[in-house]
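Enquirer: Curious how this folds, go ahead:
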Amino acid sequence: MNLLLKGLTVLFFASIIYSCAGTKSALYQLPETNLKGKSFENITLEVSLKPFKKNDKAYIEKTAAEMFMQWHSLLRHADTISVMLWTADGSEILDYSGKLSQPLEWAKYIGNPNTEHEIGSGPKELSLHERAYLYIENPPNFTYKDLKFIIQALKEAGEAITGKPIRIGATFDPGPEFAKSEFKYKKHPEILEGSAMGHKSFVFSYATLHADKQPYAGFPKGIPEGTPFGTFFGRQSQHFLKDLGFDYIWFSNGFGFGMEPWASTGVIFTGKGFNTGKLAETKEKIINFWKLFREECPDFRIETRGTNLSTGIDLAKDGVDLRAIYNGGFNILPPPNSPWAALDGDFGLEMIGYMSRMAELPDNRYIFRYYTHDPWWLNSPWLDRYGREPHDIYLPMSVSRIDQNGKITLPTHLNFLTIDDSFGNMPTQVPDEVIPHILKARYDSPTAPGPLVWVYPFKEYHDWAAQQKRLDEIYYGDWFIRQAINNGFPLNTVVSTQSLQSALKLNKNLFDQSILVSIVPDAGSDYEKALMDYVSSGGKLIIYGPADYAGPAFLKLLNLKNDAPLEGEFQISESCQLDNLKKKYPSLINHQALFSGGGLRTKIADLADQYTEVLVKMEQSGQSRDAVYVRALPEWNGGKIVYVRGTNSSHFDGGRLLQPDNPKKYFTGPMYMRYVLQEFGLEYAVVKEEPEVKNPVLGIARSNNAFIFSGYVPNTTVKHSFKFPQGAPIFTGYDASLENQKAVYSFPTAWHLEARVFVEQEGGIVGCKEMHSGELGISRRLHISGLKNAVVRIFPDDNITADLIHFYLNASYPWKEGKLQFKKGEPEFGNNYIVENVTGDLVVSW
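Expert: So this is what the prediction gives:
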């Protein structure tokens, strides 16, 4: 038997031996040098107890082994593996008496078990939110001792199959979704507020408890009157986690981050205005919860889900001081991307939440979380909500952050919610189909800043919250960018205002190939000076939002003055629309001051300035405001600034989220963020039937010198048109119709493509196809067809120099003829090479 066959045989039989006999011996380890891409520090498999359909030790061990075997090809890419157990709803922690013989109430239901209807009762037409069912007939009963055995079985199976350290996490959810909770809804309803799932349905972290004589693990003589929930929960968690062998705890659905984790309103923002007087007290109460919890449970790591919203929105509407939580020394992992984009298609909200929370971090760790199954609500997003389309993999995984040293940092942790479905099944189809997309996205991870970089005002927003008068501006900013992303603004790199300044000091050329996107800086601040220096040194900058508090120097830079505020309906006159519609966009826009950071005030200060060009005016009753304009002075050395005042084009109708204005009646203001990119030579336009057809979502990342495009197309009748300063992008494996030097494509719902070829050509069909190497020393070979008197720019791998790249015109293997002369491309585009006046088929290799 040869060595390869012998090794594979050992691996196969080791897995069989473990699954049959529960042996603890480690598996034959394959060489890690075969792995590609940057590994994760940790991969977490989230799972309920439903797969353990029998309370039988052998069955439990086999089930535990199956979990790791299904995901093994991905788990090889992690240093540590975690299993996060959705045992119940967290009430198993609250109820824990300290006795392992105690019966365990666990999440054996489909639907909400905490309603007025008994499990499995009532008329059939009741929804799952009104009445729950058991997930199987006669589900097993468990005790806390059984749970401890499951935890141990998972650790032993994981270590044997993966050869890596295994961590097990507990979960706490503040709501009624997963298991029956006598503690929350009968014994201690005083800890409930919020309306996420009905009136007073969620535990709020800064509640206080009434007296309770029942013994608990941390309170053997009962709960004294007025005990802070943070104290009780922290002490119970310490006992529960330690006694059962858990390694960390997960705070679910916004717990610890505010009163309304899913809503656009909260303690501070009512939908009609801001209760500014409550802000300081609410911020203090939230931080006090974290301190109280850590006094009782000091060492177990906390991982967090956060809300469905973003840093600025949570701060302005619910008093969530994320900076204080991050800086509190609480040993937490920050909230990941929200899984709710799978439910509502709001990828702009997912992206702003993700980026705003990673702009600053407690340390360098953060999570990407993907929604494969739902073990409670009878849906499996990969199979149904996503339709097996990977847009919610490629879009958020195209996101990167830049730290204070100017380094690109990627997610260190990867979570899957969950690996089991609502019936406790674990179909292998899901890992088999999802894993290749996860790995492809990781292979294509950003290695440099993207074409657009969001300079997130993490410090400024938290500072402004103390001033109270700027809450509307804090609330507005993230909602505006949410709408811009939902309308095709390709924003997926983030850096904080603080990190930008330090990064530029270390590398002044870091953003030479990027456009910075920022709010108006504080008057006289170091950040204001950094932006002004950046533009005057040739930098490209988009400023959005009100300029009510801009300093004199920045107002002069913008050539801007503030007039009296106006709000309501405006007529638009403009010159920068790009999209091609059969039924045109409306020329009416609705600017609501409450949702747009105040009224429209901005006007050009010096109308005689020949270097300022107004792109959009808004007019109302004989008065006008300059809503979008561009300015570029000769002494800025190529620097340019675009100002977009920014109408949010959203309103509050009493639902969870702000709703976009009717696109048939009102123009969508945040679309101007995409339109103004043409001022920097970057055009992305759509061709569609009418305004109400949803626009695509786009991300553009830079990876190993390639441009990596990721997209979500909610309506596949839409066509896409691209033009960059370096030419029209020709995607590897695709053909483009060139129209007026723009590449026009049609895409499926989800797409993820590489562009290393950019072409300047008036018309025709140009394609780019991968070829095999067939030559020692060559790692890539691309074939570009359909060229007619074209200029072609090639962006090879980062480390490729002129002596390592080769061009051939109308030639074939063995590449002895047809060599074409080339030259180094323009330095402002980075590492690229040009051939000119090319007709026919071009092959490039390196």
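
Enquirer: and K285, which of the three is it?
Expert: Look at K285: counting by DSSP: H, G, I helix; E, B strand; the rest coil, its state is helix.

Enquirer: That one: neighbouring residues, count only.
Expert: If you count neighbours by other C-beta atoms under 10 Å, K285 ends up with 19. All C-beta spots, glycine's among them, are computed from the backbone N, C-alpha and C.

Enquirer: OK, contacts around it?
Expert: Y206 (C-beta atoms under 8 Å, 6 or more residues apart in numbering).

Enquirer: So the closest residue to K53 other than its chain neighbours versus P51, what's the distance?
Expert: Excluding the flanking residues, the one nearest K53 by C-beta to C-beta, 6 or more residues apart in numbering is G424, at 5.8 Å. Counting by C-beta to C-beta, to the nearest Å, the gap from G424 to P51 is 5 Å.

Enquirer: same deal with K688?
Expert: 44 Å.

Enquirer: The closest residue to I800 other than its chain neighbours and E760, how far apart?
Expert: Once flanking residues are discounted, I800 sits nearest to W846: 4.7 Å by C-beta to C-beta, 6+ apart. For W846, the distance to E760 equals 21 Å [C-beta to C-beta].

Enquirer: what are the ranges of the helices in the stretch 301-450 of the chain?
Expert: 311-318, 322-326, 341-344, 347-358, 391-397, 429-443 (DSSP state H, counting those that start in this stretch).

Enquirer: So for L607, which of those sits nearest?
Expert: Closest to L607 of the helices of the stretch 301-450 of the chain is helix 311-318 (C-beta to C-beta; 33.9 Å).

Enquirer: Compute the inter-axis angle for that closest one and helix 347-358.
Expert: Orientation check (axes from the mean of the first three to the mean of the last three C-alpha atoms, to 10 degrees): helix 311-318 against helix 347-358 gives 90 degrees.

Enquirer: thinking again about what came up before, OK, contacts around the residue nearest to I800?
Expert: Listed by C-beta under 8 Å, 6+ apart, the contact partners of W846 are 778-780, 796-797, 800, 804-806.

Enquirer: Do you know the pLDDT at it?
Expert: Per-residue confidence (pLDDT) for W846: 98.

Enquirer: do N34 as well
Expert: 88.

Enquirer: Number the residues from 203 up from this point.
Expert: Okay, using 203 as the starting number, the last item reads as N236.

Enquirer: Distance-wise, check it relative to T614.
Expert: 22 Å.

Enquirer: So between these two, which is more surrounded?
Expert: T614 (19 against 7).

Enquirer: Next up, the contacts around D728.
Expert: By C-beta under 8 Å, 6+ apart, the neighbours of D728 are Q703.

Enquirer: scratch that, D546 is what I was asking about
Expert: The contact partners of D546, by C-beta under 8 Å, 6+ apart, come to L859.

Enquirer: downstream neighbour of the worst-scoring helix or strand of the chain on mean pLDDT in the secondary structure list?
Expert: Sorted by mean pLDDT, DSSP states H and E, the helices and strands of the chain end with helix 205-223, the least confident at a mean of 41. For helix 205-223, the following helix or strand on the C-terminal side (DSSP states H and E) is strand 242-250.

Enquirer: Quick one: residues in contact with that following strand.
Expert: Contacts for strand 242-250 (C-beta under 8 Å, 6+ apart): 269-270, 273, 276-277, 279-289, 309, 369, 371, 567, 577-578, 613-622, 626.

Enquirer: Report the next helix or strand after that strand in sequence order.
Expert: Following strand 242-250 toward the C-terminus (DSSP H and E): helix 259-272.

Enquirer: List the contacts of the very next helix or strand once past that following helix.
Expert: Sequence-wise, the next helix or strand downstream of helix 259-272 (DSSP H and E) is helix 274-277. Residues outside helix 274-277 that contact it (C-beta under 8 Å, 6+ apart) are 245, 270, 283, 363-364, 366, 633, 637, 640-641.

Enquirer: possible to save those residues as JSON lines with pLDDT, neighbour count and distance to A807?
Expert: Below are these laid out as JSON lines (pLDDT from 0 to 100; neighbours: other C-beta atoms under 10 Å; distance: C-beta to C-beta, whole Å):
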{"residue": "I245", "pLDDT": "99", "neighbour count": "23", "distance to A807": "54"}
{"residue": "F270", "pLDDT": "99", "neighbour count": "24", "distance to A807": "65"}
{"residue": "I283", "pLDDT": "99", "neighbour count": "26", "distance to A807": "60"}
{"residue": "I363", "pLDDT": "98", "neighbour count": "25", "distance to A807": "68"}
{"residue": "T364", "pLDDT": "98", "neighbour count": "22", "distance to A807": "64"}
{"residue": "K366", "pLDDT": "98", "neighbour count": "18", "distance to A807": "62"}
{"residue": "P633", "pLDDT": "99", "neighbour count": "23", "distance to A807": "59"}
{"residue": "I637", "pLDDT": "99", "neighbour count": "17", "distance to A807": "56"}
{"residue": "I640", "pLDDT": "99", "neighbour count": "22", "distance to A807": "51"}
{"residue": "L641", "pLDDT": "99", "neighbour count": "16", "distance to A807": "53"}
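
Enquirer: Throw those into TSV and include distance to K386, thanks.
Expert: Output for these, formatted as TSV (distance: C-beta to C-beta, whole Å):
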residue	distance to K386
I245	31
F270	33
I283	32
I363	37
T364	36
K366	36
P633	34
I637	37
I640	35
L641	40
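
Enquirer: now stretch 733-744: mean pLDDT?
Expert: Across stretch 733-744, the average pLDDT comes to 98.

Enquirer: Which strand residues bridge L411?
Expert: T429 (DSSP bridges).

Enquirer: list the contacts for it?
Expert: L411 neighbours (C-beta under 8 Å, 6+ apart): 390, 392-393, 425, 427-431, 434.

Enquirer: 6 Å instead, please
Expert: Taking C-beta atoms under 6 Å, 6 or more residues apart in numbering, we find L411 in contact with 390, 425, 429, 434.

Enquirer: gap between the first one and D297?
Expert: Meaning H390. 11 Å.

Enquirer: Could you do the third one as well?
Expert: T429 sits 16 Å away from D297 when distances are taken as C-beta to C-beta.

Enquirer: in stretch 849-863, what counts as buried?
Expert: For stretch 849-863, burial by neighbour count (16 or more other C-beta atoms under 10 Å) applies to 849-854, 858-860, 862-863.

Enquirer: try stretch 840-850
Expert: Residues 841-850 are the ones in stretch 840-850 that count as buried (16+ other C-beta under 10 Å).

Enquirer: Stretch 866-881 now?
Expert: Result for stretch 866-881 [16+ other C-beta under 10 Å]: buried residues 868-881.

Enquirer: F713: which of the residues you listed is nearest?
Expert: L879 (15.4 Å).

Enquirer: tell me the most buried of the helices of the stretch 503-652 of the chain?
Expert: When the helices of the stretch 503-652 of the chain are scored by mean count of other C-beta atoms under 10 Å, the highest mean neighbour count falls to helix 513-520 (a mean of 29).

Enquirer: which strands and helices sit next to that helix?
Expert: helix 660-667, helix 673-688 (3 or more C-beta pairs under 6 Å, 6 or more residues apart in numbering; DSSP states H and E).

Enquirer: go again using 10 Å as the cut-off
Expert: If you count contacts as 3 or more C-beta pairs under 10 Å, 6 or more residues apart in numbering; DSSP states H and E, helix 513-520 packs onto helix 481-498, helix 524-528, helix 549-560, helix 660-667, helix 673-688.

Enquirer: and that helix, average pLDDT?
Expert: Mean predicted lDDT for helix 513-520 stands at 97.

Enquirer: Low-confidence stretches in this protein?
Expert: Within the chain, the stretches with pLDDT under 70 are 203-234, 396-401.

Enquirer: Identify the residue nearest I295 in space, chain neighbours excluded?
Expert: I295 sits nearest to F442 (C-beta to C-beta, 6+ apart), 4.7 Å away.

Enquirer: Just say helix, strand or coil for the one you found.
Expert: helix.

Enquirer: before we move on, back to that, now the helices of the stretch 503-652 of the chain as CSV including distance to Q606?
Expert: What follows is those, written out as CSV (distance: least, C-beta to C-beta, whole Å):
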stretch, distance to Q606
helix 513-520, 18
helix 524-528, 14
helix 543-546, 29
helix 549-560, 13
helix 593-599, 23
helix 631-645, 24
